[in-house]
Every structure is written in structure tokens, then in C-alpha cells.
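Q: here is the input, now give the coordinates:
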Amino acid sequence: MFLTLILLFTTTASAASSVLGIDFGTQNFKAALVKPGIPLEIVLTKDSKRKEAAAVAFKPNRDAKNNIVAEVGVYPERAYGGDALALQGRFPGEVFPNLKPLLGLPYTDGANAFVKEYKGRYPAVQASQDHELGTVVINSAAFAKEEKPWSVEELLAMELANVRRNAETMAGKGTAVQDAVITVPAFYTADERRAIEKAAQLAGFEVNALITDGLAVGLDYAKSRTFPDVTKGEKPEIHLVYDMGAGSTTATVLRFQGKSVKDVGRFNKTVQEVAVLGTGWDRQVGGDSLTQLIVDDYVHKFSTKPVMKSRSIGVDEIKKNGRAMSRIWKDAEKARQVLSANSETTSSFEELLPEIDFKTKLSRADFEELVGSWVERVAAPMKDALAQAGLQMSDIDSVILHGGATRTPFVQRKLEEVAGSAKLRSNVNADESAVFGAAFKGAGLSPSFKVKEIRDSDIAGYAAGMTYKDGGKNRKQQLFSATSAVGQYAATKQVTFKDKDDFAFGLYQVVDEADRPVARIETSNLTDSVKELHSKFGCEKDDISTKFSIKLSPIDGLPEVVGGAVSCEVEGSGKSATVGDTVKDWLGFGGKKDQEPLKEGAEGEGPVEEVNAESSATSADDADATSESAAASTSKVPEKPKKRTESIVIAFTTAVEGNSQPAPEEMKRMKNRLAAFDKSDRARAAREEALNNLESYTYFVRDFLTNDDYTSVSTQAVRDEISKLLESTRSFMEDPSQIAKATEASLKEMLTGLKKLVEPIQSRRKEALARPDKIKALQSSLEQTEKFLTTIREQVASASAAQVSASAYEASAGSASTTAKPETDEWADLEEPDATMSSEMPKYSSPSDFSPYTEVDLKDLESTYESTISWLKEKEAEQNSLKETDEPAFTVKDVELKAAKLSQAMAELVYKKIRQEKPKAKKGKSSSSSKSKGKKAKATGTAAAKEEKTQEAERSEKGKGNSKFMTAGPDDEMPSEEQIEAMIREGNKAREDEL
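A: Model prediction:
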């Protein structure tokens, strides 16, 4: 509903673009598409579900003996979502669910806590370490040992590509979906953000932005609302988004407000703003961690069964059984969800282990007892977010709940205890709000859409700074705090260095009180640029300034260098002829007007803050203080420079640091392997379709041979041949080894062989059934045509005789008029003609004596009529001489074409005179009458002209494609004699009115 107000689409001259918002969850994927004609709709899965389980599986190829076949260059069948999870019971080691916690994390020889947790939940999955990159990779038994393991990014790329295909199916044929905005948790580090970007790139996406879950929910909340205008002194709204999903929990404090800003010219406009003030999180508290508590309880109960003790099967043995653990996990998750609405649930497992069944009950009270200390962790993210924002719970207007796990009763009780029940809100879709917010963000970034203007800003989440060398010592300086704004209007840091020769410096993130490298920047032309400034403008080294602009990327929120320049001030005024002015404007080296900080509400990029690297300290705390003081110093507006500034752009390279990144050759190999996998899937799908078509056709042919209706139109020899071919085909279909070897082409060839024998028989029977009725209809049309021609001929003859009489009368009247005395009144020509004179003009004796047709007009219809009669007699005689098993002499289609041609000729004759232009209206009896009726006549004439054009257009449209538009009644019947005569009478009456 709100879309009609806020989402207005604009199209470009090129093909219509589209944007996909993706909610990248631990347990599920959700996607929303924005496309002209599709305003913000959820992308459905192939099973028409609104979300897809975050899982991909490989179904190994097998030989005739059911052994796994793994060959180099041969790809197994893939399954996604629910289809993938359904394979866990059969192939627990080939199903890879919930990969999100592993994304971008180092394996560290299996010591990583999240890697340990994942391997404990899915013991059959063979997770290991990539020796080159140090990250997690997955081995699959469906591939040859020579095949490289699959990285987490590649597996996630498969899932994202599946989402993309679903979106393109929804968007329509020929539409490519490439632009995407993806949600990420607020706690994602640089390594994790780059990993999801890499996965999206491998899937064929162009990532327009990464947006945190809380901000995405905030945008969805804001897009249909208007908030207090702070320009008028009103107080903004403060809300907290509490998001507990399957894998983690986050809390985000958001400020919502309206604001008056400068618009085009001297006008102002009011925009809505959504800003993140603080975040808090717990990476381990979520639906999966609660499910794990139930799993552990079930495993413990199962291990205490007497039969387990008698076989010496303990907890460790159970947890190593991938098939058993996948079943326990599935039922434990179901039990947790049931306990959200019920007080008790029962789980039953048939042969959880060979010949061992297991059944257990779990009450809500027992479950909450298992939770224990986890309850206190529920509210921790909320408290951390408030502390980071510098607010109290009393400052919060409401707590917006998002995520499926927020429905858990003990979670809601704890939130009510901390926030109060009155502040808890369910005013957004707890499952889909984030994906709608991401799609809305994408529409706002795309130039192809115009949406309600909402200015959003996130925060960094982690403090960030730079490392460099000063006097041979390693230095570091914090540039951004954890609450530094991220977005289009965020601040840019201009950092001044003392270096005049090529140098390098690094960027880092502070994660868990440790500095993690993000990027390394190295200059390549600084030394030469300084020399150029000295040689051309006489700049001394001490007067030369080296500056770099650093900001938090609006795409992924990571610190990045956006530009650099080396400059100096020289005497004189005017612009340099050798230096690009755009560089000075970009870095803030322009005139006073350009260097003024943006005023409140002004349009443009964010403010520029000066930072001096020369005065930085080595500790992070001192660096933070330096950064704050430097930022404060920028509030002064610099005086107008008296000298001009000469500057040269610094060329530099940026190398990604942190987790090792794959080389370009490795990325190309990944893309090629994924493309080959996609090609294999398409070939497999085409082959399966061909196999299904062949199988279904064999069932049809089997029934066909026993159907007596086809016996009369087929010979015994042909039926025997069909039976023999069917038998061989069925024998092939029942041999798995033969089916395994069959290709798409061979399957299609077998289907074609059967159809070549069967379809002619089907066609003969179909023709035999339809032929009599079609011939009867054609004969009826011929009879009607003959009557029509007879009637028209009589009308033409009568009209011809009347015309001869009229001509003779006119001739005698003309000779008499030559003896009349000519008019001598010079004004006589201006008078209206006398009515009595008009009545003496010669006319036809009767309207019935008039005919709009001539003998010439009838030639086409007569020719068509004669040729159709001749063709029908010839073909009927030929058909009568054939057997039922012979191919027919003519088809039903031939009869229909003849009837259509006859009908078209009839219609053209009937409408021939009607299409002619009508004569102009006669003058009135007096000049005064003519004058008074002028406007009315003009209007009537215009209406008549429009009506004539409309009728002719309709007739022209009806006449396309040899369609039988001159019909009366159902089944394209020719008009009867009475109907034809009625048409002629109407035509005569119209002609009489015209005359």
C-alpha cells in the first residue's frame, strides 16, 4: 500500500534495471526484488516459499552397483534449501548448512571456537584448513581426490546464485539481476565483510552496499512513516531494534527524525533521517545455540538407555555419527519451536542407531532449566548498545523485535524485565523486515528508481586507524571510533604526513582489543612529484605538504584511502596551468568557499576533518585523543589564502591485508569451476527432462496400442512395428546401467522414433473425426454464397433497368429546359433554390431499384465460389477412393482455409460500398436556417467522420489474417439469405437518406 506513495519508478532508454535485497541469515536466505512493474516483492523459491534454507548439498554420482563415482571434471547433482536438508539422512557429509559462522574466519588448526562448534554440530562434514589462505575449506566425497576442496565462499556463492536465478525467474525472461544490497551483522569484521563480497562476486552480483541488520529493519520501519522535524525544535524518536536470529543476537539503537535541508535553488525540502547511534551483540546467542542445548539433552538421554550401555555406546560415539546427529538436530529444532507455543512436546526416532529406537519428552520448564545462565546473555546486547549510544532505557521510545528466536517465551520475559512490556513492539515483520529494508536501500542507490528520500547512516562498529613510520619508529593513530558514521554524509579524514619521499602506511581495525590489519597503502610517484614542485614552482621541501583523504567506505564500512595529493603554496594568484583543479577541490585545497565546512542540512558530501600524523602518539588511547582534538580544530573556518596552491595527485596502490586473499588466477579458477558446475546442472536438467518425456510417452503408446479407436486408421504391420519399438524402449528404461549411459541426444532420438510411427495414426483419426463437420460447414457456406449471388444479380439487373429509365427522363427534361427564358436578375444566384424546383428533379422510381453493386463487383466472389466448388468436388472424389489407413487427400486445415477465403470474399463485397466516403450534407431551405444550424451540422459531420474512421478501423482489424469477420452466429457460419437481404435493405435506406 505504501509503495504507491513512496516507490515511484523511472525508466531509462536502456533495458530496465533491477535491484535485489538479500537477507543473509545463518539458517535462511530471504530476497526481495525491486524492478519496474515489481515494487518490492519477496522472491519465491522454486517451491513457492518465501525463504530458502541456507544449505547446499552434493548428491554423488553412482554406478549400476550403487557405488559412488568420482571422476575429474565430472560434477554431481546439486540441491538447495529444503531439498538439500532432506539429503542429510542419506548423505550427511555432503550437506553443508548454516555456513555463515565460518565465513571469513581463520581455521587456526581447528582451534577456532566457531569452527569447533560447527564440526560438533555436523560431524560428517569434512572441514579443514586451506594451507595457502588459512581459511576453512570443505572436502566432498562426490569429487575426485585430485579436485581442490571447496571454500566457504564458493559454497555460499552457489546459494547466492540460486537466489539470483529465482529472482530472474520472477523478474521475467531476459531480465538479468546483478545489483544487490546484502545484510550483514553489525559485528562483522573486515575479513568477514570481504568474504561475503567475494561470495557475491562469484555468484555474479555487483554489491552496491552491505547494510547491517538493525539499520535494514530501521529503513523498513521508516519508509512508511514521517518523524518529528528537528528543524522546528521537535524531539527525534529513538528506537532499539532487537534482532535474535538463528546464529547470533544484535541490538541497534536508531534515531529517527525529519529535517529541512536545501533543495534546488532557494527552496528547502524535508527529508527523513535514520542514524545508528550504538550497537551491541552476542555472536553465540541465537536459535541454534538454544537448539544445541536440546540436542545435548537428547544425546545424554539416549546414551543412558540400557541397550546403549550394554553395547558400550557413549556420548562421544553418538556425536561422531553424522546421520544420527542430523536427525537429532532436526527434531530438537522442531521441539524448540513447538515449545514457544506449547508447554510440552515429544520427539520420536525410529532406529536412530541400528535396531535402537529412541523416544523422549521435553517440557517448557525443562527447556528453560537447560537454558540456565543463557538467560542473562539475552539482555546483554541491548545494554551494550545503549551504553555505546550514551543513552538509558528511559530514552528509548520502543523496542522493535526482529528475528524468529524473539518468539521464545523466556526471551520475551527477559526483554520485558529490562525494557518493560509497554515498550516491546511487533510493528514490523519479524521475518522479512530486514530484507525489505535492504531492497529499499538498493532502490535508493539505483539511478533507475525514485524512492522516498531517507538519509541513512550506520556506524563503524570497530575503531579504526592507521600505522606508519616516523623517524624509523612504528607509529599508529586512531582515525575513527566505533561510533564513527558510515554513509554518504560521513566525515572524511585529511591526514597530513611529513614524508616527501615514497612511503607506505597501513590501515587497521581494533577487534577484541587487538589491532587487525585491513590494508596497506604504498605511494609510487611522491618523490618525483616533490621534485616537480621544486623545479617548476620553486617549492622547498619544508613548504610541501603531503595529504591523504581517508574515509569509511559507504559500501562495506571499511576504512579506505580515496585520494592523495602533494602541494605547496606559491606567490601570485590565478590557477595553475599544470595541475588539475579537481584534485584541489576534492581534497579541500581550493578557495575559501570550497574549504568551508558544510552547514547544517546543506547538500553534498560529509565534512572534512584535518588530522596531523606528525603529532600522533603510539598508543591507541593517545591516538584517539589526538583524533578528537584534530576533529575539534576543524570547526574553525580557514582564512582566505593569499597565495595560490599548486598540487599534484599522488599515485598509490592498495593491498588488502588480514586474511590472505586468493590471487587473480585463483579467483579465475573458482569462477571457471562454478561456471562448469552450472553448465553440468543445466545439462543434467535437460537430460532428465528428456528422460521424463520419453518415459511418459511410453506409457501413452502402451495405452495407444490397446485403444480400438486407432485400429481402423492403422495397419497391423505398423502396429507391430510400434509394439516392437515400444518393447525395446521399455527394456532400455528398466536397465539402470543403460539409462546411466544415455545422453540427452540419444533419449530425444528414441522419443522421435516413437513419435514418427504414432503421430501419423493420431493425425489420420483426428482428420477422420473432424472432416465431415468441416465439409458440411463449407457446403453450407457455398449454398449461402450462391443465394447471395442470385440476390445481388437480381438487384443489379433491377437497378440497371431503373437507371436506363432515369437517363431517358433526364434527357427529355434537359431538351425542354433549353427553350426556357434565361434569368435576368443579377441577384438571383444569391437566393435559395425553390423547393418546388427541387422536387421536379429526376429520381429513381423506388429505393428498391437501387443497387450499390455492379456486375464487375461480383467477379471476385464468383471466381472464389466456382474454384471452391471445383476443389471440393475433386478432393471428395479423391478421398472416397482412399482407404482409412491411407494419408488423407486433404486436411481439415485445407477446408478451413477455403472457407476463410470464401468468407473474406463475401465480406469484402458487402462492405465495399459502405467504406466509400459519404456525400456532404445538403444545404438548408433558407440562409437563416443554414446559419443557425451551422455549428450543429459541423459537430454532426465531425462525429460522423470519427464514426466512419472507427468502423473502417474495426473492419480493417477484423480483416487481418484472413479471419472470417463477415459471419452470423457461432462456428463461423455464413450469413443466411434473410440476413444478407437485411444488409442490402439497410444499405438502400442509407443511400436513400444520403440522396
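
Q: domains in this protein, by residue range?
A: For the chain, automatic domain parsing gives the domain ranges 3-222, 462-656, 664-762, 794-810+838-926+934-994.

Q: kindly compare burial across those domains and name the winner.
A: For these, average neighbour numbers computed from mean count of other C-beta atoms under 10 Å are highest in domain 3-222, which has a mean of 19. No exception for glycine: its C-beta is placed from N, CA and C like everyone else's.

Q: where in the chain is the helix or strand with the lowest mean pLDDT?
A: Confidence across the helices and strands of the chain bottoms out at helix 592-595, with a mean of 37, counting by mean pLDDT, DSSP states H and E.

Q: can you name the next helix or strand after that one?
A: Beyond helix 592-595 in the direction of the C-terminus, DSSP states H and E gives the next helix or strand as strand 608-612.

Q: off-centre distance for that next one?
A: In terms of C-alpha atoms, centre = their mean, to the nearest Å, the centre of strand 608-612 is set 42 Å apart from its chain centre.

Q: CA atoms only for that strand, dumped as PDB, please.
A: Only the C-alpha atoms of strand 608-612 are listed here, as PDB (Å, rounded to 0.1, in the frame of the first residue of the first chain):
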ATOM      1  CA  VAL A 608      36.300  17.100   6.100                       C
ATOM      2  CA  GLU A 609      38.400  16.800   9.200                       C
ATOM      3  CA  GLU A 610      42.100  17.600   9.300                       C
ATOM      4  CA  VAL A 611      44.400  15.100  11.000                       C
ATOM      5  CA  ASN A 612      48.100  15.700  11.500                       C
END
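
Q: list the strands paired with that strand, with their directions.
A: strand 492-497 (parallel) (DSSP bridges).

Q: got the contact list for the strand it pairs with?
A: With C-beta atoms under 8 Å, 6 or more residues apart in numbering as the test, strand 492-497 has contacts from 466, 468, 479-480, 503, 505, 545-551, 562, 587-588, 605-614.

Q: same question for stretch 216-225.
A: Against stretch 216-225 from outside (C-beta under 8 Å, 6+ apart): 2, 6, 21, 23, 183, 211, 239, 241, 243, 252, 254, 256, 272, 274, 276, 400, 402, 427-429, 433-438, 440-441, 451-452, 454, 456.

Q: want to try JSON lines for the domains of the chain, with distance to residue 413 as columns?
A: Below are the domains of the chain laid out as JSON lines (distance: least, C-beta to C-beta, whole Å):
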{"stretch": "domain 3-222", "distance to residue 413": "22"}
{"stretch": "domain 462-656", "distance to residue 413": "30"}
{"stretch": "domain 664-762", "distance to residue 413": "46"}
{"stretch": "domain 794-810+838-926+934-994", "distance to residue 413": "70"}
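
Q: shaky segments in this protein?
A: The model of the chain has pLDDT under 70 over residues 1-16, 110, 572-605, 614-642, 808-852, 912-995.

Q: which residues does residue 29 form beta bridges with?
A: Where residue 29 sits in a bridge, its partners, by DSSP bridges, are residue 24, residue 52.

Q: I'd say it and residue 49 touch.
A: No - using C-beta atoms under 8 Å, residue 29 is not in contact with residue 49; the gap is 10.8 Å.

Q: still on that earlier bit, just the buried ones out of the contacts of stretch 216-225, please.
A: 6, 21, 23, 183, 211, 239, 241, 243, 252, 254, 256, 272, 274, 276, 400, 402, 428, 433-438, 440-441, 451-452, 454, 456 (16 or more other C-beta atoms under 10 Å).

Q: where along the stretch 551-700 of the chain do the strands fall?
A: For the stretch 551-700 of the chain, strands defined by DSSP state E, counting those that start in this stretch occupy the ranges 559-570, 608-612, 644-649, 652-656.

Q: helix/strand/coil for residue 214?
A: At residue 214 the chain is in helix, as set by DSSP: H, G, I helix; E, B strand; the rest coil.

Q: in a strand, residue 515, correct?
A: Yes - assessed by three-state DSSP, residue 515 belongs to a strand.

Q: give the helix, strand or coil label for the residue lying closest to it once chain neighbours are set aside.
A: With sequence-adjacent residues excluded and distances taken as C-beta to C-beta, 6 or more residues apart in numbering, residue 515 is closest to residue 508, at 4.6 Å. With three-state DSSP as the basis, residue 508 sits in strand.

Q: quick one: residue 508 and residue 103, what's the gap?
A: Residue 508 sits 21 Å away from residue 103, going by C-beta to C-beta, to the nearest Å.

Q: buried sites along stretch 364-381?
A: 364, 367, 368, 371, 374, 378, 379, 380, 381.

Q: which outside residues touch it?
A: 242, 244, 249-251, 280-282, 285, 289-290, 293-294, 297, 335-336, 339, 342-344, 409-411, 414-415, 417-418.

Q: out of these, which are buried?
A: By 16+ other C-beta under 10 Å, the contacts of stretch 364-381 give 242, 244, 249-251, 280-282, 285, 289-290, 293-294, 297, 335-336, 339, 410-411, 414-415, 418 as buried.

Q: out of those residues, which sit inside strands?
A: In this view, these that belong to strands under DSSP state E are 242, 244, 249, 250, 251, 280, 281, 282.

Q: the first one: what's it in contact with?
A: By C-beta under 8 Å, 6+ apart, the residues touching residue 242 are 249, 250, 251, 381, 382, 399, 400, 401, 402, 403, 406, 415.

Q: would TSV of the strands of the stretch 551-700 of the chain with distance to residue 62 be doable?
A: Formatted as TSV, those follow (distance: least, C-beta to C-beta, whole Å):
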stretch	distance to residue 62
strand 559-570	50
strand 608-612	63
strand 644-649	61
strand 652-656	42
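
Q: can you tell me which of those comes nearest to residue 318?
A: strand 652-656 (42.8 Å; C-beta to C-beta).

Q: partner strands of that closest one, with direction?
A: Assessed with DSSP bridges, strand 652-656 is paired to strand 514-523 (antiparallel).

Q: okay, angle between the partner strand and strand 559-570 too, please.
A: 40 degrees (axes from the mean of the first three to the mean of the last three C-alpha atoms, to 10 degrees).

Q: neighbouring contacts of strand 514-523?
A: So strand 514-523 is contacted by 189-191, 464-465, 467, 476, 502-510, 548, 558-561, 564, 620, 650-658 (C-beta under 8 Å, 6+ apart).

Q: now do stretch 540-548
A: Residues contacting stretch 540-548 (C-beta under 8 Å, 6+ apart): 494-500, 521, 526, 530, 533-534, 561, 563-569, 587, 650.

Q: just stretch 81-90 next, same as before
A: Contacts to stretch 81-90, defined as C-beta under 8 Å, 6+ apart, come from residues 45, 47, 49, 52-53, 55-57, 59, 79, 94-97, 162, 323, 326-327, 330.

Q: elements contacting the top helix by length along the chain?
A: Once the chain is assigned using DSSP state H, the helix that runs over the most residues is helix 744-817. Helices and strands touching helix 744-817, as assessed by 3 or more C-beta pairs under 8 Å, 6 or more residues apart in numbering; DSSP states H and E, comprise helix 664-705, helix 716-733, helix 859-880, helix 892-910, helix 977-994.

Q: would you turn those into a markdown table with distance to residue 488?
A: As requested, the helices and strands packed on helix 744-817 are exported to a markdown table (distance: least, C-beta to C-beta, whole Å):
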| stretch | distance to residue 488 |
| --- | --- |
| helix 664-705 | 29 |
| helix 716-733 | 62 |
| helix 859-880 | 73 |
| helix 892-910 | 65 |
| helix 977-994 | 71 |
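
Q: nearest to residue 64 among the ones you listed would be which one?
A: Per C-beta to C-beta, nearest to residue 64 of the helices and strands packed on helix 744-817: helix 716-733, 13.9 Å.

Q: now the closest one - C-alpha only, PDB.
A: Extracted in PDB, the C-alpha atoms of helix 716-733 (Å, rounded to 0.1, in the frame of the first residue of the first chain):
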ATOM      1  CA  GLN A 716      -1.300 -54.300 -38.500                       C
ATOM      2  CA  ALA A 717       2.200 -54.000 -39.800                       C
ATOM      3  CA  VAL A 718       2.600 -50.500 -38.400                       C
ATOM      4  CA  ARG A 719       1.100 -51.500 -35.100                       C
ATOM      5  CA  ASP A 720       3.500 -54.400 -34.900                       C
ATOM      6  CA  GLU A 721       6.400 -52.100 -35.600                       C
ATOM      7  CA  ILE A 722       5.300 -49.700 -32.900                       C
ATOM      8  CA  SER A 723       4.900 -52.600 -30.400                       C
ATOM      9  CA  LYS A 724       8.400 -53.800 -31.200                       C
ATOM     10  CA  LEU A 725       9.900 -50.400 -30.700                       C
ATOM     11  CA  LEU A 726       8.000 -49.800 -27.500                       C
ATOM     12  CA  GLU A 727       9.200 -53.100 -26.100                       C
ATOM     13  CA  SER A 728      12.800 -52.200 -26.800                       C
ATOM     14  CA  THR A 729      12.400 -48.800 -25.300                       C
ATOM     15  CA  ARG A 730      10.700 -50.200 -22.100                       C
ATOM     16  CA  SER A 731      13.600 -52.700 -21.800                       C
ATOM     17  CA  PHE A 732      16.000 -49.800 -22.000                       C
ATOM     18  CA  MET A 733      14.100 -47.800 -19.400                       C
END
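
Q: fine by me, thanks again.
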